[in-house]
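Undergrad: 3D model of this:
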Amino acid sequence: MACKLARKENGMLRRIVCISVLAGLTSFVSLAAVAQEVVHALAGTVSSINASAKTITVKTDDGSEGLFNDMIDSKTPIEFDPNIRKDATAASEFKSSGVRVIVYYFGYGSVRTAVALRSLGAGPFTLTSGTVVNFSNGERTLSIKDNSRVIKTFNISSDLVVETSTGAGERTRFRPVKGDPVRVTATMVNGSATALFINTLVAN
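TA: Residues are numbered from 1 along each chain as shown. Below is the predicted model:
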């Protein structure tokens, strides 16, 4: 009798374990199915637009692969800051070549998909890499020491876009500390150098 009871208990235990495993797998699959693509940003100049192939080629400031596929599947779930999205044009609707832009994209390496682009205007533009010397959120100014050890100060535009390790975001996402490496795309506004896009870099 004890043996039969033990076998029954073992069988029930196996069924419980199997059910638990299946439930765990189902939860994992469900989470994977709703996982969102994180939208990142970079700056560059649009070289060409191929409407037939649905691709955009960009001369990127960071030297990365510049060929982007247009996002044509609107059902792809993405994590895209609505405050910067409203100022951008969907990649499939962007028609201007030869302009400086911020590209919003997801993916890695040579397999990247452009979600939207934002024109930065007529310029002229400067591109400065260096390390943070001082940042004042109240005064909206950023000072960095460039690669020639010259300190340069930028105003922060109200519609600044910042690229961080967790994706692209608005000005409030920029919280640097002294020594942080950054790359600043800027233009002159009312006689002052003004940052339009800041890429926070990984320290060596």
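Undergrad: And the strands in this structure?
TA: Taking DSSP state E, the strands of the chain run over residues 37-38, 40-50, 55-60, 67-70, 78-79, 89-90, 100-108, 111-119, 125-136, 141-146, 151-164, 167-170, 181-189, 192-200.
Undergrad: and residue 47, what does it touch?
TA: Residue 47 makes contact with 57-59, 66, 97-98 under the criterion Cβ atoms under 8 Å, 6 or more residues apart in numbering. In short, each C-beta sits where N, CA and C put it, glycine included.
Undergrad: what's the farthest-apart pair in these?
TA: The largest separation in the contacts of residue 47, counting by Cβ to Cβ, is between 66 and 98 at 13.8 Å.
Undergrad: the more surrounded of the two?
TA: residue 66 (20 against 8; other Cβ atoms under 10 Å).
Undergrad: and residue 38, what are its bridge partners?
TA: residue 79 (DSSP bridges).
Undergrad: Pull the number of nearby residues for it.
TA: So residue 38, with other Cβ under 10 Å, has 14 neighbours.
Undergrad: Ok, residue 105 next?
TA: Neighbourhood size, residue 105 [other Cβ under 10 Å]: 23.
Undergrad: Please tell me I have it right and it contacts residue 88.
TA: No - the criterion here is Cβ atoms under 8 Å, and residue 105 misses it with residue 88 at 11.2 Å.
Undergrad: Tell me which helix or strand in this protein has the weakest average pLDDT.
TA: helix 2-33 (a mean of 43; mean pLDDT, DSSP states H and E).
Undergrad: per-residue pLDDT, residue 154?
TA: In this model, residue 154 is scored at 98, pLDDT.
Undergrad: residue contacts, it?
TA: Contacts for residue 154 (Cβ under 8 Å, 6+ apart) come out as 141-144, 184, 186, 193-195.
Undergrad: which regions of the protein sit below the pLDDT cut-off?
TA: Applying pLDDT under 70 to the chain flags the ranges 1-34, 74, 202-204.
Undergrad: Centroid-nearest residue for it?
TA: Centroid-nearest residue in the chain: residue 40, 1.2 Å away (criterion: Cα atoms, centre = their mean).
Undergrad: quick revisit: of the contacts of residue 154, which is the most crowded?
TA: Ranked by neighbour count (other Cβ under 10 Å), the contacts of residue 154 have residue 195 at the top, with 27 neighbours.
Undergrad: is it true that it touches residue 186?
TA: Yes - counting by Cβ under 8 Å, residue 186 is a contact partner of residue 195 at 4.9 Å.
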